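Undergrad: quick one, structure for this:
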Amino acid sequence: MRRRTLLAVAGWLLAALVATGTGLAAVQVIGAGLTGPAGEVRSPDEVARALAATPPPSAPGAVPPGGPTPSGGTASVAPTPSAAPGSPAGADDARRLVSTPGGTVVAECDGRRVWLTAWTPAQGYRVGEVERGPDDDAEVTFHGSGGRIEVEVECVAGRPVPTWKSHGDDD
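TA: This is a model prediction of the structure:
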C-alpha cells in the first residue's frame, strides 16, 4: 500500500512538471503575439490620458473634416479629448487622433513640423514601418489580414491633416 501511494505521488509530480514545462514552452513560442511589441502600443485609455496630460503648442488655422483623400482612402478623424485645464484656447488644434481600419495614430504639429506621439494597431494588425518625425510629414504602416494601411500626417496651418490608403491583402 505504501509503495502504491509513493508511485501515485511521483506520477502526479511528474505530470505536473510536464504540464508546467509545456505551458512555459508554449508562452515562449507565442511570445510577442500575446503582449505586442514593447514600447509602441498604447491602449485607448493611455492615449486619452497622454493627450489630456500635456497641452500641445497652440496653433491657429482650420483642418478640413475627414473625407475622401487624394490617395484613395478615406481619412477618419476623431475628435480629441478636451485640453487640460488651464491650457490656452485652441491648444487642441495642434494635436489630432486619427482612426483608420488598421489602427489609431496621435499626431502633433508645431508650425509645419509634425510628429507621431502614439500609434496603436487595430485588432488583427501590427505596426510595420514608422517615420515618427518631427519632419514635414510623419508616417506609420499597419500590416494585417485586411492588407496594409499607410497613414501619413502633414501639418497645414499648424494642424495635423491625415491621409491614409489601403493596399490589398498583405499577410
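Undergrad: which ones are touching Glu129?
TA: 139-141 (Cβ atoms under 8 Å, 6 or more residues apart in numbering). Yep, even glycine has a C-beta here, placed from its N, CA and C like the rest.
Undergrad: need the contact list for Ala16.
TA: No contacts exist for Ala16 under Cβ under 8 Å, 6+ apart.
Undergrad: tell me where this protein has helices.
TA: Along the chain, counting by DSSP state H, helices occupy 2-30, 32-35, 44-53.
Undergrad: restricted to strands, list the contacts of Glu129.
TA: Of the positions in the contacts of Glu129, 139-141 sit in strands, assigned by DSSP state E.
Undergrad: let's have the residues you listed in a markdown table, adding neighbour count.
TA: A markdown table is the format used below for the ones in strands among the contacts of Glu129 (neighbours: other Cβ atoms under 10 Å):
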| residue | neighbour count |
| --- | --- |
| Glu139 | 19 |
| Val140 | 29 |
| Thr141 | 22 |
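Undergrad: in a markdown table, list those along with distance to Ala107.
TA: A markdown table is the format used below for the ones in strands among the contacts of Glu129 (distance: Cβ to Cβ, whole Å):
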| residue | distance to Ala107 |
| --- | --- |
| Glu139 | 10 |
| Val140 | 9 |
| Thr141 | 15 |
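Undergrad: what's the mean pLDDT across stretch 19-29?
TA: Throughout stretch 19-29, pLDDT has a mean value of 78.
Undergrad: send the alpha carbons of that stretch over as PDB?
TA: Output in PDB follows, covering the C-alpha atoms of stretch 19-29 (Å, rounded to 0.1, in the frame of the first residue of the first chain):
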ATOM      1  CA  ALA A  19       2.300  20.300 -17.800                       C
ATOM      2  CA  THR A  20       4.200  23.300 -16.400                       C
ATOM      3  CA  GLY A  21       7.000  22.800 -18.900                       C
ATOM      4  CA  THR A  22       4.700  22.500 -21.800                       C
ATOM      5  CA  GLY A  23       2.800  25.700 -20.700                       C
ATOM      6  CA  LEU A  24       6.000  27.700 -20.400                       C
ATOM      7  CA  ALA A  25       7.300  26.500 -23.700                       C
ATOM      8  CA  ALA A  26       4.000  27.500 -25.400                       C
ATOM      9  CA  VAL A  27       4.200  31.000 -23.900                       C
ATOM     10  CA  GLN A  28       7.800  31.300 -25.100                       C
ATOM     11  CA  VAL A  29       6.900  30.300 -28.600                       C
END
